[in-house]
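Enquirer: the following block contains a protein sequence and its predicted model.
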Amino acid sequence: MAPTTPTRMLLSGFLGAALLFPVPLAAPAAADARIIDYHGLRLTLPDGWRVVDLDRDPTACLRLDLPTLYLGHAGTQSACTGRAVADRADTLHLEPLDGAPPRADIPTIDVPGAAVPSVDEAPADSNELRYELRRAGVMATISYGDTPDLVRELLAAAARALPAPPPGQGAAVAEPALAPAAPKPRTAQEPFTGEGFDACTAPTQKAMDTWRAGSPFGAIGVYIGGRARACAQPQLTAGWVERQTAAGWHLMPIWVGRQPWSNSGSGLSTDPSEADGQGRSAADGAVDAARSLGLAEGTVLYNDLENYTDRALWDAPVVAYLTGWTQRLHELGYRSAAYVSASSGAKALSAHYHQAPDAMPDVLWVARWNLSASVGDADMGLPEGTAQWAGPRRAHQFRGDHDATYGGVTINIDRNWVEVDPAALGPVGGILPLS
């Protein structure tokens, strides 16, 4: 039976991917070292790293909570589960430049030679970076917990070890990939009432088309960034957003920022004034990601804030974080939403609603896994007969992690009932209601 106060953290012991154990190379290695060759890049992996061959297992999930070297283009990632993680790990994904998707949610750094530049921190607060290694013909995507230093140096050492070109010949350097043109802003949230789903990673186009034709869903929650995001998003591009919008999907873009747990990398401050600033910073990152994906101003952006049990400790900072998030989004011309648990975040926001109604999220999305496809007050964890978030301003996640199959395509999803009409929310930041 599904819990009523779900926590959707990944279980760190679950592998869920095929492992590749490479044949040792001729050069001797220390007893505890593992050496991998990929397109001329020679990497010596730290202890405890997995190696996942995506060509051998196209369903494998590019998880960001286990130290892993991923090789090859990502596949369907249909095995992905979970949504938020407390501890992000160092990971490295290497794939041929030819066929690497034009990711919009991660900054890409052009590397024409063997020197991989140091970057203090990835923009947009998602702790991910891409390096276009043109000399090797490889796209390298790194993710990290607190700093990128370890995994960047792992990559840099491999790039420095690339064979030198023959005397008198220059190195064969691929032309830099053309930066994708700025996407045309689009409305991706027509008024919607009905069932929706969210998955840890954006499904393939084939899966989306199959489910559009044969499933009951018309809305999809997609994770666009944040330092607690659990899965990589190799399918998520501005083109992906454009295609789903054209097909009639109602998109629910989700930011997985700081969480009500004690963790230096992903934890929320217990000081409400600091939490307010963290919420505003999260809004900056979410808007950067939304713009890169072509999501127009006026779009509702959702902040995923997981369940907590110590309300005496966390209620005040949670409210400060989500009101800071809301106010900053409004300043930037976007609308605000919060994903919270019925037993914690929803009760905290409801209890403080009268103090700052204009700073409350425009839309409330509540997790209560009671199998009731309804946004009634009881299902949302709100006082009976309340006017809070009345009208088309609610969503209810009524069933958690489970596999669903339509048209022969299986995806691990959460299931939701959605009643959201951005046009009914009124203007924000000078932006007229979406039509």
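Expert: All right, it came through fine.

Enquirer: so M208, which of the three states?
Expert: helix (DSSP: H, G, I helix; E, B strand; the rest coil).

Enquirer: for it, give its distance to E242.
Expert: Distance of M208 to E242, computed by CB to CB, to the nearest Å: 12 Å. (C-beta placed from N, C-alpha, C; glycine too.)

Enquirer: convert the lowest-mean-pLDDT helix or strand in the chain to CSV, retaining C-alpha atoms only.
Expert: In the chain, the helix or strand scored least confidently by mean pLDDT, DSSP states H and E is strand 108-111, which has a mean of 89. What follows is strand 108-111, C-alpha atoms only, in CSV (Å, rounded to 0.1, in the frame of the first residue of the first chain):
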residue,chain,number,x,y,z
THR,A,108,28.5,23.1,-22.7
ILE,A,109,32.2,24.1,-22.8
ASP,A,110,34.1,23.8,-26.0
VAL,A,111,37.5,22.1,-25.6
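
Enquirer: find me the pLDDT at P176, would you?
Expert: We have a pLDDT of 55 for P176.

Enquirer: quick one, which of M208 and E242 is more surrounded?
Expert: M208 (21 against 16; other CB atoms under 10 Å).

Enquirer: surely that one meets W249?
Expert: Yes - at 7.3 Å, M208 and W249 qualify as touching, with contact defined as CB atoms under 8 Å.

Enquirer: between these two, which contacts overlap?
Expert: Residues touching both M208 and W249 by CB atoms under 8 Å, 6 or more residues apart in numbering: I220.

Enquirer: my read is that A337 contacts M360, right?
Expert: No - counting by CB under 8 Å, A337 does not reach M360; the two are 10.5 Å apart.

Enquirer: looking at these two, which is more packed in?
Expert: A337 (31 against 22).

Enquirer: hang on, the earlier thing: next helix or strand past the least confident helix or strand of the chain?
Expert: strand 128-133 (DSSP states H and E).

Enquirer: list the strands paired with that following strand, with their directions.
Expert: Take DSSP bridges as the rule and strand 128-133 pairs in its sheet with strand 108-111 (parallel), strand 138-143 (antiparallel).

Enquirer: deepest of the ones you listed, which one?
Expert: strand 138-143 (a mean of 24; mean count of other CB atoms under 10 Å).

Enquirer: so for that one, what's the average pLDDT?
Expert: On average, strand 138-143 scores 94.

Enquirer: how far away from the center of its chain is that strand?
Expert: 16 Å (CA atoms, centre = their mean, to the nearest Å).

Enquirer: before we move on, what about stretch 234-241?
Expert: Distance, centroid of stretch 234-241 to centroid of chain: 12 Å (CA atoms, centre = their mean).

Enquirer: list the buried residues in the helix or strand harbouring T405.
Expert: In this structure, T405 is located in strand 393-406 according to DSSP H and E. Residues of strand 393-406 classed as buried by neighbour count (16 or more other CB atoms under 10 Å): 393-401, 404, 406.

Enquirer: and R328, how far is that from P383?
Expert: R328 is 28 Å from P383, by CB to CB.

Enquirer: same question, N370
Expert: In terms of CB to CB, N370 sits 17 Å off from P383.

Enquirer: low-confidence ranges in the stretch 151-300 of the chain?
Expert: 164-182 (pLDDT under 70).

Enquirer: all strands in it, in order from the N-terminus.
Expert: 192-198, 217-225, 250-255, 300-304 (DSSP state E, counting those that start in this stretch).

Enquirer: quick check: chain neighbours aside, which residue is closest to M360?
Expert: Leaving aside its chain neighbours, M360 sits nearest to Y353 (5.8 Å; criterion: CB to CB, 6 or more residues apart in numbering).

Enquirer: and L301, by the same measure?
Expert: A286 is the one closest to L301 (CB to CB, 6+ apart), at 5.0 Å.

Enquirer: touching, the one you found and N303? I think so.
Expert: Yes - at 7.5 Å, A286 counts as touching N303 under the criterion of CB under 8 Å.

Enquirer: look at those two and report which has more neighbours.
Expert: A286 (31 against 27).

Enquirer: residues touching that one, list them.
Expert: Neighbours of A286 in contact, by CB under 8 Å, 6+ apart: 224-226, 253, 255, 257, 301, 303, 329, 334.

Enquirer: likewise A228?
Expert: 84-86, 88, 256-259, 266, 304.

Enquirer: one more: L295?
Expert: L295 neighbours (CB under 8 Å, 6+ apart): 185-186, 188, 241, 251, 253, 301.
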